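# What shape does this take:
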Amino acid sequence: MANRVIVLSKRPAHIKKEYNIILDNPSDPMSNRQDEKFMYYYDLIWKDLDKNV
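Modelled structure (predicted):
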């Protein structure tokens, strides 16, 4: 899993938002998917991506 996610705008692309991902156990992606923090980041990032449409 990435520890940083960058969301780009529509063309011409520029950096819209940068997320520094902090999870309790970065070496275990399967357990992180069940973590509340994962869902928090997931929701934030998808909201930013939906705004690009």
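# Surely Asn20 and Asn3 touch.
Yes. The pair Asn20 and Asn3 passes the contact test of C-beta atoms under 8 Å, sitting 6.9 Å apart. To be clear about C-beta, it is placed using only N, CA and C from the backbone, and glycine gets the same treatment.
# Tell me, how many residues neighbour Tyr42?
Applying other C-beta atoms under 10 Å, we find 11 other residues in the vicinity of Tyr42.
# Tell me the secondary structure of it, please.
helix (DSSP: H, G, I helix; E, B strand; the rest coil).
# measure it to Asp28 for me?
Per C-beta to C-beta, to the nearest Å, Tyr42 is found 17 Å from Asp28.
# Now do the buried residues in the helix or strand of the chain with the lowest mean pLDDT.
The weakest-scoring helix or strand in the chain, judged by mean pLDDT, DSSP states H and E, is helix 29-32 (a mean of 82). Neighbour counts using 16 or more other C-beta atoms under 10 Å place Asn32 of helix 29-32 among the buried residues.
# Quick one: the strands in the chain, in order.
Under the criterion DSSP state E, strands of the chain are mapped to 4-8, 15-20.
# Let me know which of the ones you listed is the nearest to Leu49.
When these are compared by C-beta to C-beta, strand 4-8 sits nearest Leu49, at 6.4 Å.
# Just the pLDDT for the nearest residue to Asp24 once chain neighbours are set aside.
Computed as C-beta to C-beta, 6 or more residues apart in numbering, the closest residue to Asp24 that is not its neighbour in sequence is Asp35, at 6.5 Å. Asp35 is assigned 85 on the pLDDT scale.
# Low-confidence stretches in the protein?
Scanning the chain for pLDDT under 70 picks out 1, 52-53.
# so how far is Tyr40 from the residue of it most remote from its centre?
Largest separation from the mean C-alpha position in the chain: Pro12, at 21.2 Å (C-alpha atoms, centre = their mean). Using C-beta to C-beta, we find Pro12 at a distance of 30 Å from Tyr40.
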